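Enquirer: here is the input, now give the coordinates:
(one chain, ligands or ions: 2)
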Amino acid sequence: MFSKNNLNNLKTNSLDWNLIQTELKNKLGNEVYESWLKKIHFLEEFSNYLLLSVPTRFIRDWITSRYLDQIIKIVKIYKKDIIRIEFKIVEQKSKNESLNNRNFNLVEDKENISFIKDTYLQYNRIDQNKRFENFVLGKSNKLAYEASLKTIENLSHYNPFYIYAGVGMGKTHLLNSMGLEFKKNNKKVMFISAERFMYQFVKSIKSNNMVKFKEYFRNADILIIDDIQFMNGKEAMQEEFFHTFNALLDKGSQIIVSADRAPNKLSRIQERIKSRFSGGLVVDIQKPDYELRKKIVQKKLEDLKNFYTEEIKLSDDIQDFISTEITASIREIIGAVNRIISFSRVYKKMPNLSETKVILKDLLNLTENKVTIDLIQTLVCKFFKISKNEMLSSRRSRYLVRPRQTAIYLTKILTSKSLPEIGREFSNRDHTTIIHSVKTIERLKEIDPEMVDNINKLKNRILYNEKQNEI
Ligand code: ADP
Ligand code: MG
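Expert: Ligands and ions are numbered 1, 2, ... in the order given. So this is what the prediction gives:
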């Protein structure tokens, strides 16, 4: 059916690139992943190195200079013999790709497309679709919204203006909205992500173009920097940023910054920059409450109705299910609605509740870590009728080893815990033991229908709290 499992393709001996990608995303965050790492494809594995592909030379250089160490580290967890990675430049067949992805990925992710072009202007990407008018208000984002409105009315009063929140909460949306309004008033608006600021900086040094770089940024009336937590570069760059920052404040330009955390929690950013941030107005966006989540679902449906000619509707049940279960971020709520609607268009019917659960499986798992290792261990022990002490012991009797491996496998696929974290929760086992367990269960699933059945039953119990009495 339409359920898909990352680990299903894991062959016992070859490297599963999807798995590595997932780990990279967890480790380096969505922005870095979406902008760069997602573009890496697996080509071939050799005895001690990997051949990967990227679409351009520029992406290769960027990835090699900043993320290669981490990539190798993660690859080594799965294949310790790998000591280096080589990249081949393979141009993307982007049209086909986007066609293939369309079913479950409708309107999201238009960002991150046009970064290859090299002019400064290309970096100044204000998205016309993210405006104040279509920002849905709730308790959790009201403060940030109001402060944003005040910022555009009252130039330089809140300066710098710093918004922070987890991923998918509406930071970029508000930054965009402000940028658009400032533009309407003919201000010179520079809107850039910290990632790109760093890239532009490095590139300008290489091409001896620092003067232009400085001029360009210092010329802005409004400098908006998104995701400042990624500004983790070398001293020289922070130095330049600090000077740009001061020069702009001096001449009365407005500075607006977003981050995933409060200024004092930023790591690898100079103290004096942090203290500058703290000196302005700092507001956060909290997680959306039920009421806001419901409003977002309704708003998204409205939007889609205008987008398609055929009728778009979602039963109250399912609207309610999404609003109740998808709590992590607004982006996920929107993603969930998109997926359900895509499903209904493809299969020409509305999914029922249990189909909805399958379609949204990965989003449901992410929700607030509802799936804990403890829950998995408890349910697996119950299922196999062993005690938790037995599961966590070092005894290697067969009747304990399988349940233990099953619990480890389920933890790997149902939580976002890293291998070492899982190891710790299973009586400090080594991460290689964890990999071995995952691979063993994968292999058994391929040859033993009972294993498949057990895993499915357990998954349903863990994820959807299904009844215990139908063994
Ligand atoms: P962040 O920058 O915090 O990661 P974004 O601003 O990119 O989050 O928001 C993620 C998605 O959710 C975007 O499509 C954005 O338009 C939408 N979104 C976020 N908050 C709201 C809101 N309050 N009203 C409507 N759409 C929202
Ligand atoms: Mg953002």
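
Enquirer: can you tell me the helix or strand for the closest residue to Asp221 other than its chain neighbours?
Expert: For Asp221, ignoring the flanking residues on the chain, the nearest one in space by CB to CB, 6 or more residues apart in numbering is Lys187 at 4.1 Å. Yep, even glycine has a C-beta here, placed from its N, CA and C like the rest. In this structure, Lys187 sits in neither a helix nor a strand according to DSSP states H and E.

Enquirer: number of nearby residues for the closest residue to ligand 2 within the stretch 301-450 of the chain?
Expert: Closest approach of the stretch 301-450 of the chain to ligand 2 (CB to the ion) occurs at Arg331, with a separation of 8.7 Å. When neighbours are counted by other CB atoms under 10 Å, Arg331 registers 20.

Enquirer: excluding chain neighbours, what is closest to it?
Expert: For Arg331, the closest residue by CB to CB, 6+ apart turns out to be Gly168, at 2.9 Å.

Enquirer: that's a strand at that neighbour, yeah?
Expert: No - secondary structure of Gly168 (DSSP: H, G, I helix; E, B strand; the rest coil): coil, not part of a strand.

Enquirer: that one contacts Ser329, correct?
Expert: Yes - contact criterion CB atoms under 8 Å: Gly168 and Ser329 qualify, at 3.1 Å.

Enquirer: between the two, point out the one with more neighbours.
Expert: Per other CB under 10 Å, whichever of Gly168 and Ser329 has more neighbours is Ser329, with 22 against 18.

Enquirer: contacts for the host helix or strand of Asp320?
Expert: Applying DSSP H and E as the criterion places Asp320 in helix 316-325. Contact with helix 316-325 is made by 290, 293-294, 297-298, 301, 333, 336-337, 340, 350-351, 353, 356, 360, 364, 367, as judged by CB atoms under 8 Å, 6 or more residues apart in numbering.

Enquirer: okay, and which of these map to strands?
Expert: Here DSSP state E is the test, and those give no hits in strands at all.

Enquirer: alongside ligand 2, which residues does this structure contribute?
Expert: Where the chain comes near ligand 2, counting by CB under 5 Å from the ion, the residues are 171-172.

Enquirer: low pLDDT regions in the chain?
Expert: 1-14, 92-125, 155-156, 233, 365-370, 464-471 (pLDDT under 70).

Enquirer: now do the strands in it.
Expert: 41-45, 49-54, 84-89, 161-164, 189-193, 222-226, 254-259, 281-284.

Enquirer: show me what the fourth one packs onto, helices and strands only.
Expert: Read it as strand 161-164. Applying 3 or more CB pairs under 8 Å, 6 or more residues apart in numbering; DSSP states H and E, one finds that strand 161-164 contacts helix 142-153, helix 171-184, strand 254-259, strand 281-284.

Enquirer: tell me the strands beside the shortest one, with direction?
Expert: For strand 281-284, the paired strands and their directions (DSSP bridges) are strand 161-164 (parallel).

Enquirer: tell me which residues touch Pro55, please.
Expert: Taking CB under 8 Å, 6+ apart, one finds 39, 89-92 in contact with Pro55.

Enquirer: phi first, then psi, for it.
Expert: Here is the backbone geometry of Pro55 (degrees, to the nearest 10): phi -70, psi -30.

Enquirer: my guess is Tyr67 meets Tyr33, correct?
Expert: No - using CB under 8 Å as the test, Tyr67 is too far from Tyr33 to be in contact (9.8 Å).

Enquirer: what's the overlap in contacts for the two?
Expert: Counting by CB under 8 Å, 6+ apart, the residues touching both Tyr67 and Tyr33 are Leu24.

Enquirer: run a quick neighbour tally on the closest residue to ligand 2 within the stretch 101-250 of the chain.
Expert: Residue nearest to ligand 2 within the stretch 101-250 of the chain: Thr172 (3.2 Å; CB to the ion). When neighbours are defined as other CB under 10 Å, Thr172 has 22 of them.

Enquirer: would you confirm that it contacts Ser258?
Expert: Yes - the pair Thr172 / Ser258 is scored as a contact, 6.9 Å apart, by CB under 8 Å.

Enquirer: between these two, which contacts overlap?
Expert: Asp226.

Enquirer: spatially nearest residue to Ser275 (excluding sequence neighbours)?
Expert: Pro263 (7.8 Å).

Enquirer: list the contacts for that neighbour?
Expert: Contacts of Pro263 (CB under 8 Å, 6+ apart): 162, 164, 274-275, 277-278, 282.

Enquirer: out of those residues, which are buried?
Expert: 162, 164, 274, 277, 282 (16 or more other CB atoms under 10 Å).

Enquirer: report the two of the residues you listed separated the most.
Expert: Farthest-apart pair in these is Tyr164 and Lys274; separation 12.2 Å (CB to CB).

Enquirer: hang on, isn't Leu392 packed against Asn428?
Expert: No - Leu392 is beyond contact range of Asn428, at 9.8 Å (criterion: CB under 8 Å).

Enquirer: between these two, which one's more packed in?
Expert: Using other CB under 10 Å as the criterion, Leu392 and Asn428 rank with Leu392 on top: 18 against 10.

Enquirer: for that one, which non-adjacent residue is spatially closest?
Expert: Ser427 (4.7 Å).

Enquirer: for Phe384, see how far away the one you found is.
Expert: 17 Å (CB to CB, to the nearest Å).

Enquirer: burial count for Ala147?
Expert: 18.

Enquirer: excluding its backbone neighbours, what's nearest it?
Expert: For Ala147, the closest residue by CB to CB, 6+ apart turns out to be Val283, at 5.0 Å.

Enquirer: and what of Pro420?
Expert: Pro420's closest residue in space is His431 (CB to CB, 6+ apart), at 5.0 Å.

Enquirer: show the contacting residues for the closest residue to ligand 1 within the chain.
Expert: Residue of the chain nearest ligand 1, by CB to the nearest ligand atom: Gly170 (2.7 Å). The neighbours of Gly170, taking CB under 8 Å, 6+ apart as the test, are 135, 141, 144, 285, 330.

Enquirer: now, which of these sits nearest Asn176?
Expert: Closest to Asn176, out of all of the contacts of Gly170 and judged by CB to CB, is Phe135, at 9.5 Å.

Enquirer: against Leu314, how distant is that closest one?
Expert: 22 Å.

Enquirer: before we move on, what about Ile20?
Expert: 35 Å.

Enquirer: again, but for Leu180
Expert: Counting by CB to CB - Leu180 and Leu314 are separated by 30 Å.

Enquirer: of those two, which one has the most company?
Expert: Leu314 (22 against 19).

Enquirer: number of residues surrounding Phe213?
Expert: 19.

Enquirer: for Gly423, that is, sorry about that
Expert: Gly423 has 19 nearby residues by other CB under 10 Å.

Enquirer: isn't it right up against Arg429?
Expert: Yes - using CB under 8 Å, Gly423 is in contact with Arg429, at 4.6 Å.

Enquirer: how about the one residue in the stretch 1-150 of the chain that gets nearest to ligand 2: what's its closest non-neighbour residue?
Expert: Relative to ligand 2, the nearest point of the stretch 1-150 of the chain is Glu31 (6.8 Å; CB to the ion). In this structure, Glu31 finds its nearest non-sequential neighbour in Asp227, 5.5 Å apart by CB to CB, 6+ apart.
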